[in-house]
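In: sharing a model that was predicted from the sequence below.
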Amino acid sequence: MFLGTHTPRLDDKGRLFLPAKFRDRLAGGLVVTRGQERCLYVFPMDEFVRVAESIRQAPVTSKAARDYARVFLSGASDEIPDKQGRVTIPATLREYAGLSRDCTVIGAGSRVEVWDSTAWATYLEGTEQAFAEQAEEVIPGLL
């Protein structure tokens, strides 16, 4: 499970140092793709296969499902971290997420998310108060 918040930097070649605590789980291969809110999702290969299979099960007759699959899968890039734990983020994905030098990498359970640090701060500022004030069950059976 991926947890926590980390602040690595992109180097001049578009490579990102993966947080040390994530490296073992991602060492065998990973997939980087577009995520919601203009961040990037990073999945271990086996988890990406599971997600892709779920997408494949969606009805082809659903325009929303087709659109989601197209955007999600067409942006996907399979990568293997180098010996120093760096992974290359393709230029199209860097552009999609608005990544500059300063990035925020968060653990989001079964995936890692990569955010531009300014975008992450803005997102968190806009959602933290609502989280703190949540008075109804958002995820059934959670708490």
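Out: Sure thing, it's come through.

In: what does the biggest helix by length in the chain rub up against?
Out: Of all the elements of type helix in the chain, the one with the most residues (DSSP state H) is helix 117-133. Identification of contacts with helix 117-133 by Cβ atoms under 8 Å, 6 or more residues apart in numbering yields T7, E37, R38, C39, A97, G98, D102, C103, T104, I106, W115. In short, each C-beta sits where N, CA and C put it, glycine included.

In: can you do 6 Å?
Out: For helix 117-133, the surrounding residues in contact (Cβ atoms under 6 Å, 6 or more residues apart in numbering) are D102, T104.

In: what's the answer for stretch 32-47, then?
Out: Judged by Cβ under 6 Å, 6+ apart, the contacts made with stretch 32-47 from elsewhere in the structure are 25-26, 29-31, 71-72, 75-77, 93, 96-97, 110-115.

In: not counting sequence-adjacent ones, nearest residue to S110?
Out: With sequence-adjacent residues excluded and distances taken as Cβ to Cβ, 6 or more residues apart in numbering, S110 is closest to E47, at 5.3 Å.

In: next one: R94 from A119, what distance?
Out: If you measure R94 against A119 using Cβ to Cβ, to the nearest Å, the figure is 13 Å.

In: now the helix or strand harbouring R56: mean pLDDT?
Out: With elements taken from DSSP states H and E, the one containing R56 is helix 45-57. Predicted confidence along helix 45-57 averages 96 (mean pLDDT).

In: next SSE downstream of it?
Out: Immediately after helix 45-57, counting by DSSP H and E, sits helix 63-74.

In: list the buried residues for that following helix?
Out: Buried positions in helix 63-74, judged by neighbour count with 16 or more other Cβ atoms under 10 Å: A69, F72, L73.

In: what of stretch 76-83?
Out: Taking 16+ other Cβ under 10 Å as the neighbour-count basis, stretch 76-83 is seen to contain the buried residues A76, E79, P81.

In: distance of the second one from F2?
Out: Pointing back at E79 there. Relative to F2, E79 is positioned 16 Å away (criterion: Cβ to Cβ).
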